[in-house]
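> Build me a model from this:
(2 chains)
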Amino acid sequence: QKEVEQNSGPLSVPEGAIASLNCTYSDRVSQSFFWYRQYSGKSPELIMSIYSNGDKEDGRFTAQLNKASQYVSLLIRDSQPSDSATYLCAVNTQGGSEKLVFGKGMKLTVNP
Amino acid sequence: DTGVSQDPRHKITKRGQNVTFRCDPISEHNRLYWYRQTLGQGPEFLTYFQNEAQLEKSRLLSDRFSAERPKGSFSTLEIQRTEQGDSAMYLCASRPDYPSGTDTQYFGPGTRLTVL
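The predicted structure is shown next:
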């Protein structure tokens, strides 16, 4: 069973702080990794995709990938109350459908 | 708005009734996926279409579930004889096929099903 694990939450940070969200995956051949944001009652919205080891930055968001450790993370700098949402880590299965396998999600609350 | 639309957005039904959901993907996207999400969980894969061909189905997709994509454009997901355990958000996602480049899946707004 290919699995994606996200560390248990919820996570609460003050406004302006850095929020760190982590994810591990079990399938060593995975090549594509995604972070989605999901507001309550809404559908997942793509924040970042990452394919190579290292860091990828987009505005206040940085995704980090370490394939040797099978680990992917998301850092949110200067957290804002509008960042309060559930963050889903997803891994693309290789070959065939290339369906996404999701973690359970981490609920982030940014306190003003 | 990702360009993927779903209808209806909400459906309340009684146990034992049949329901049908529709998904309209982004027009140039060959690949279409259905997922189901229950409270506190991440989305779980149900089925996948490449154009009109249904190429993969999850074991979650019991005999009461059927999906179609008759002309390779919109897709429908039907649940027969609904059960309370079917209550969930049903999400549709689409993406282009290679070599268009991206393997990012774009999600529609979802259909929230409540079975009473």
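
> OK, contacts around residue A:53?
A:65, A:66, A:67, A:68 (CB atoms under 8 Å, 6 or more residues apart in numbering or on different chains). Placement of C-beta: from N, CA and C, glycine included.

> swap in residue B:22?
Neighbour list for residue B:22: B:6, B:7, B:74, B:75, B:76 [criterion: CB under 8 Å, 6+ apart].

> before we move on, the earlier item: of the contacts of residue A:53, which belong to strands?
With DSSP state E as the criterion, strands contain A:65, A:66 from among the contacts of residue A:53.

> Any quick PyMOL command for the buried ones out of the contacts of residue A:53?
Buried residues among the contacts of residue A:53 (16 or more other CB atoms under 10 Å in any protein chain shown), as a PyMOL selection:
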select buried, chain A and resi 65+67
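
> Can you tell me the centre-most residue of chain B?
Ranked by distance to the mean C-alpha position of chain B (CA atoms, centre = their mean), the top residue is residue B:34 at 3.1 Å.

> And the helix or strand harbouring that one, what does it pack against?
Element membership for residue B:34 (DSSP states H and E) is strand B:31-37. Applying 3 or more CB pairs under 8 Å, 6 or more residues apart in numbering or on different chains; DSSP states H and E, one finds that strand B:31-37 contacts strand B:44-50, strand B:75-79, strand B:88-95.

> With residue B:110 as the reference, name the closest of those.
Each of those has some distance to residue B:110 by CB to CB; the shortest is strand B:88-95, at 4.6 Å.

> Just the strands from chain A, written as ranges.
Under the criterion DSSP E, strands of chain A are mapped to A:4-6, A:11-14, A:19-25, A:32-38, A:45-50, A:54-58, A:61-66, A:71-76, A:85-92, A:100-102, A:106-111.

> Would you mind saying which of the ones you listed lies nearest chain B?
Across the strands of chain A, chain B has its closest neighbour in strand A:100-102 (3.1 Å, CB to the nearest CB).

> Show me what the closest one is packed against.
When contacts are defined as 3+ CB pairs under 8 Å, 6+ apart, strand A:100-102 packs onto strand A:85-92, strand B:44-50.

> mind redoing it with 10 Å?
Packing contacts for strand A:100-102, counted by 3 or more CB pairs under 10 Å, 6 or more residues apart in numbering or on different chains; DSSP states H and E, involve strand A:4-6, strand A:32-38, strand A:85-92, strand B:31-37, strand B:44-50.

> Redo the strands of chain A as CSV? Include mean pLDDT.
Compiled in CSV, the strands of chain A are given as follows (pLDDT from 0 to 100):
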stretch, mean pLDDT
strand A:4-6, 95
strand A:11-14, 96
strand A:19-25, 96
strand A:32-38, 96
strand A:45-50, 95
strand A:54-58, 96
strand A:61-66, 97
strand A:71-76, 97
strand A:85-92, 96
strand A:100-102, 96
strand A:106-111, 96
